[in-house]
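[1] Compute the structure for the input listed below.
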Amino acid sequence: MKILITGVAGFIGFHLAKALLERGDEVIGLDNMSGNDINLMQIRLSKMGISAYSLKYGIMLRSHNYGRYRFTLQDITDRTALEYLFAQEGFDLVCHLAAKTGVRRSLECPDEFIRSNVEGFVHILECCCRFRVQHLLYASSSSVYGTNTVQPYAVCHPTENPVSMYAATKKMNELMAHTYSHLFRLPTTGLRFFSVYGPYGRPDMAPFLFTKAITEEVDIKVYNNGNMSRDFTYVDDIVRSIVLLIDAGITPENPYQLYNIGCGQPTGLLDLISILEKYLGKVAKKQFYPLQDGDMISTFADVSSLVEKISYHPQTSLDEGIRKFVEWYLCYQLNNKK
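    Sure thing, here's the model as predicted:
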């Protein structure tokens, strides 16, 4: 199977590409290399056998590590280049993970989020339709649940009240995917990710931010006075669920699907900090702040529909996942100091 992964230099895209390649799929990776931490993105690429020094816009590079992997530096907002790529490659399946991320950033620069997450997503939908892609899987977010207070969140719950521009763009993605599934019978599967963490994780997420602060012995900013919880989900469980959904396919009779992909077990931020303290061997310095604009107080995934579809059960506890993340982070920190 030939699979396009957009946002492949990102956290989930990197791990997903590796998993698909190791089982024998052919993967084309696409990224515009404009994330929160370019250094970390370059490291992810290098692990996949792609040198950052060789990158030129629109040029396809072959991996030195994986014979069935190629990478192109490209932006999904460039529709002409995207159509050319689809025409040349003839993808069987697309995993669309490219997006601007970050709740607070979306409030500061909403135009960037509209351009990438909305305009770019339309280009992906159009290309999938025009070039007859068999299945489009795309990243949504637990943020779409917004002000919904009924938990655990189920995919059937209302999502009309997002509290950030990032969440609003992800809700728009789901609505646009539904339109294309309804009008053009394009098979689409939306993936509502819940607080993904693990090695090579995003530097703007709590596990990375808190670990960095503890190791550097600076204050951790704890919002809402610590009265927040998240359904932290280890990246390997996220990737395994995506691969299983790829294999399960989607029926023409029901071409539009949505799934929560979470652990189903929310953890308080103070409990997360305690686990980090245990594995780092240091006590965190905490500073408490009010709830920030755009933040949700808690997230909690109902994954029953995912269990029914692919017999999904998370295999990594938060304690084990944080241990693995801390081990990776300490090596990453050490290498960056050299």
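
[2] Against which helices or strands is the helix or strand harbouring Gln88 packed?
    Following DSSP states H and E, the helix or strand that holds Gln88 is helix 79-89. Counting contacts by 3 or more Cβ pairs under 8 Å, 6 or more residues apart in numbering; DSSP states H and E, helix 79-89 is packed against strand 2-6, strand 26-31, helix 120-130. Heads up, the C-betas are built off the backbone N, CA and C, glycines and all.

[3] of all those, which lies closest to Gln333?
    Taking Cβ to Cβ as the criterion, Gln333 comes closest to strand 26-31 out of those, the separation being 24.0 Å.

[4] what does that closest one contact?
    Contacts of strand 26-31 with the rest of the structure, by Cβ atoms under 8 Å, 6 or more residues apart in numbering, involve 1-10, 13, 17, 20-21, 41, 45, 48, 50, 60, 66, 68-74, 76, 85, 89, 91, 98.

[5] What of stretch 45-56?
    With Cβ under 8 Å, 6+ apart as the contact definition, stretch 45-56 has outside contacts at 8-9, 14, 17-18, 29, 31, 33, 42, 61, 63-66, 69, 71, 73, 200.

[6] How far does it sit from its chain's centre?
    Using Cα atoms, centre = their mean, to the nearest Å, we find the averaged C-alpha position of stretch 45-56 to lie 21 Å away from the chain's own average C-alpha position.

[7] now the angle between strand 26-31 and the helix holding Gln88, please.
    When axes from the mean of the first three to the mean of the last three Cα atoms, to 10 degrees is applied, the directions of helix 79-89 and strand 26-31 differ by 170 degrees.

[8] What residues of stretch 326-338 count as buried?
    Of the residues in stretch 326-338, those scored as buried under the neighbour-count criterion (16 or more other Cβ atoms under 10 Å) are Val326, Tyr329, Tyr332.

[9] Look at the closest residue to Arg68 other than its chain neighbours and say how many residues are nearby.
    Using Cβ to Cβ, 6 or more residues apart in numbering and skipping residues adjacent in sequence, the residue nearest Arg68 is Glu26, 4.5 Å away. The local packing count at Glu26 equals 17, with neighbours defined by other Cβ atoms under 10 Å.
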